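A.B. asks: Quick one, fold the following:
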Amino acid sequence: MNVSRFFCDSNPRCISYIRVSSFSKLEHYKSLDRLLSKLKSDPQLEVSSVFPLLNKNRSFTVLRSPHIDKKSREQFGQAINRSLIIIKVGSLEGYSKLRSLAVEDLEPGISIRFMHRFVLS
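C.D. replies: Numbers count the residues shown, from 1 in each chain. You can find the predicted model right below:
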């Protein structure tokens, strides 16, 4: 997709959303702080806001015995921590630099999803 036609020098024309998710709360907030410091240091990117999203909690039950004893069960749980970063991008160079900055020093267990909205005005 050719995105150069959406940018001009006077106003930001691209709003980017980065969704950061992780299983570990500590790793999630460490990587989020590191990512925000990188994004705020770049003059072509304007970090508009950061939202913590609801955690996804999943729980499941496993029977301990393969036979008839249904009273013997174990329960396990898994929580996914998520946050959303909204960034205004003012130039085509900032748009390409945004993707490289976010994936640069990504720790294992952290996933990032990019979403973009181009404003046609």
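A.B. asks: Pop out the phi and psi values for S65.
C.D. replies: phi -110, psi 140 (degrees, to the nearest 10).
A.B. asks: Now do the same contact list for the closest residue to it other than its chain neighbours.
C.D. replies: Distances taken as Cβ to Cβ, 6 or more residues apart in numbering put S72 closest to S65, at 5.4 Å, once the chain neighbours are dropped. Yep, even glycine has a C-beta here, placed from its N, CA and C like the rest. Taking Cβ atoms under 8 Å, 6 or more residues apart in numbering, we find S72 in contact with 63-65.
A.B. asks: Now S72: phi and psi?
C.D. replies: Main-chain dihedrals, S72, degrees, to the nearest 10: phi -90, psi 100.
A.B. asks: can you tell me how far it sits from E104?
C.D. replies: 48 Å (Cβ to Cβ, to the nearest Å).
A.B. asks: again with H67
C.D. replies: Distance from H67 to E104, by Cβ to Cβ: 52 Å.
A.B. asks: before we move on, what about V62?
C.D. replies: Per Cβ to Cβ, V62 is found 39 Å from E104.
A.B. asks: Ok, V47 next?
C.D. replies: Taken as Cβ to Cβ, the span from V47 to E104 is 16 Å.
A.B. asks: Tell me which of those two has more neighbours.
C.D. replies: With neighbours defined as other Cβ atoms under 10 Å, V47 and E104 compare such that V47 has more, 15 against 10.
A.B. asks: Identify the bridge partners of that one.
C.D. replies: Counting by DSSP bridges, V47 is bridged to I87.
A.B. asks: Repeat that for the one 5 residues further on.
C.D. replies: Partner residues in beta bridges with P52: S83, with DSSP bridges as the criterion.
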